[in-house]
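Asker: Below are the sequence and a predicted model; questions follow.
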Amino acid sequence: MKNLTQISQLNRFQIESLIELALKIKKEPEKYSNKLQRKIIALLFFEASTRTRLSFEAAVNRLGGKTIGFSQPGSSSYGKKGESLTDTIRVVNQYSDLIVMRHPKSGAAKLAKKVSKVPIINGGDGANEHPTQTLLDLMTIYQIRKKIDNLKIAMVGDLKFGRTVRSLSKALTNFQNVEITYVSCKDLAMKDDIKEAVKKAGLKFKQTQDLKQAFQKADIVYMTRIQSDRFKDKKKARKYQGQFVVDNLLLKNAKKDLKILHPLPRNDEIAQEVDDTAYAFYFEQAGNGMYMRMALLLKIFDL
Ligand code: NCD
């Protein structure tokens, strides 16, 4: 593996070996502390980020490497002087051994890959894909259930603009007998390309607005926020807020071993009271991000 711009680049075997390595690193992170010595990783974040950027930065640091980059395009020539994305990538190629990038436009990582001589990792491209999030999501599901096959997984919220649920759905097509329930309002439903891919892979899926029933049946619920930053009309985004909210009352009928995941940041879709229950797993999930990104860097550099 030399790049990761979309999750479909990885097959089941590669996903499972990344999970295995990430869990190994999580157990004994000090064992890997010199692996990236003398490597410089560029973190180019053209769009807001907390977890993805900081967990990559922490991952590089824990592996003994160094980072360069920016977290706001406004501080780069791309943002302020009209430099193109491809020129920016060509230049950063001169300084770094790998580029992690996040960009508001779908397809930006693929475009960067075309001109880059160093590996590109997509840290999220618009409403398209977020493959490293999916890897940490799968690692987390595996950690919880010791398997990914034969699970009932509900995805809730903004399935139209959310890139995490798109990449996660695609990745699940590598596994057997996974049943997906998409819970959203009609306007924010999962797009057809993903539903077709899921169907083609022979997985069952359904679309519903019945959050209560979805919670009763699921082994894993994957909550997401309304992607208000992707709406042209912010007022419209507000209309969708608060439609699908998990609280302790809703959890009364859930399976005892249900776990709730969320890529974070959360808005109002998970009541804070849920944080103190055994169902909440989203902060541990965010923690897994660092270990999975360590594993991914090691695989890409073949170390
Ligand atoms: C997600 C993203 O950026 O797509 N965040 C993340 O990387 N953990 C989800 C989101 O912003 O809602």
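Answerer: Nice, thanks for sending it over.
Asker: A286 and the ligand: what is the separation?
Answerer: 7 Å (C-beta to the nearest ligand atom, to the nearest Å). Where you see a C-beta, it was placed from the backbone N, CA and C, and this is true even at glycine.
Asker: Check that residue and give its pLDDT.
Answerer: pLDDT, A286: 98.
Asker: now the one 10 residues further on
Answerer: In this prediction, L296 carries a pLDDT score of 98.
Asker: Quick check: it is in a helix.
Answerer: Yes. Assessed with DSSP: H, G, I helix; E, B strand; the rest coil, L296 lies in a helix.
Asker: What count of nearby residues applies to it?
Answerer: Using other C-beta atoms under 10 Å, L296 has 24 neighbouring residues.
Asker: quick one: Y78 from E57, how far?
Answerer: 20 Å (C-beta to C-beta, to the nearest Å).
Asker: For whichever strand or helix holds A112, what is the distance to the chain centroid?
Answerer: Using DSSP states H and E, A112 maps to helix 108-115. In terms of C-alpha atoms, centre = their mean, to the nearest Å, the centre of helix 108-115 is found 19 Å from the chain centre.
Asker: how about the very next helix or strand once past it as PDB, C-alpha atoms only?
Answerer: On the C-terminal side of helix 108-115, the closest following helix or strand by DSSP H and E is strand 120-125. Taking C-alpha atoms only, strand 120-125 is exported to PDB below (Å, rounded to 0.1, in the frame of the first residue of the first chain):
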ATOM      1  CA  ILE A 120      -0.800  10.800   0.200                       C
ATOM      2  CA  ILE A 121      -3.200   9.900   3.000                       C
ATOM      3  CA  ASN A 122      -6.700  11.300   2.700                       C
ATOM      4  CA  GLY A 123      -7.700  12.800   6.100                       C
ATOM      5  CA  GLY A 124     -11.200  13.700   4.600                       C
ATOM      6  CA  ASP A 125     -12.100  15.200   1.300                       C
END
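Asker: Identify each buried residue in the following helix or strand past strand 120-125, please.
Answerer: Counting by DSSP H and E, the next helix or strand C-terminal to strand 120-125 is helix 131-145. If you call a residue buried by 16 or more other C-beta atoms under 10 Å, then helix 131-145 has these buried ones: 131-144.
Asker: Just give me the closest of the residues you listed to the ligand.
Answerer: Checking those against the ligand with C-beta to the nearest ligand atom, the nearest one is Q133 at 5.2 Å.
Asker: Setting aside sequence neighbours, what's the nearest residue to the closest one?
Answerer: Spatial nearest neighbour of Q133, excluding adjacent residues (C-beta to C-beta, 6 or more residues apart in numbering): T164 at 4.9 Å.
Asker: Name the helix or strand for that neighbour, please.
Answerer: With DSSP H and E as the test, T164 turns up in helix 163-172.
Asker: Give me the contacts around that helix.
Answerer: Helix 163-172 has contacts (C-beta atoms under 8 Å, 6 or more residues apart in numbering) with 6-8, 10, 15, 124-131, 133-135, 137-138, 148, 153, 155, 157, 159, 178, 180, 190-191, 194, 197-198, 203, 222, 224, 263.
Asker: confidence score at the residue of the stretch 151-300 of the chain found nearest the ligand?
Answerer: In the stretch 151-300 of the chain, the residue that lies nearest the ligand is P263 (3.9 Å; C-beta to the nearest ligand atom). pLDDT, P263: 98.
Asker: What about the ligand: which of the buried residues of helix 131-145 touch it?
Answerer: Q133 (C-beta under 6 Å from any ligand atom).
Asker: How many neighbouring residues does the closest residue to L203 other than its chain neighbours have?
Answerer: Spatial nearest neighbour of L203, excluding adjacent residues (C-beta to C-beta, 6+ apart): V178 at 5.3 Å. Per other C-beta under 10 Å, the neighbour tally for V178 reads 25.
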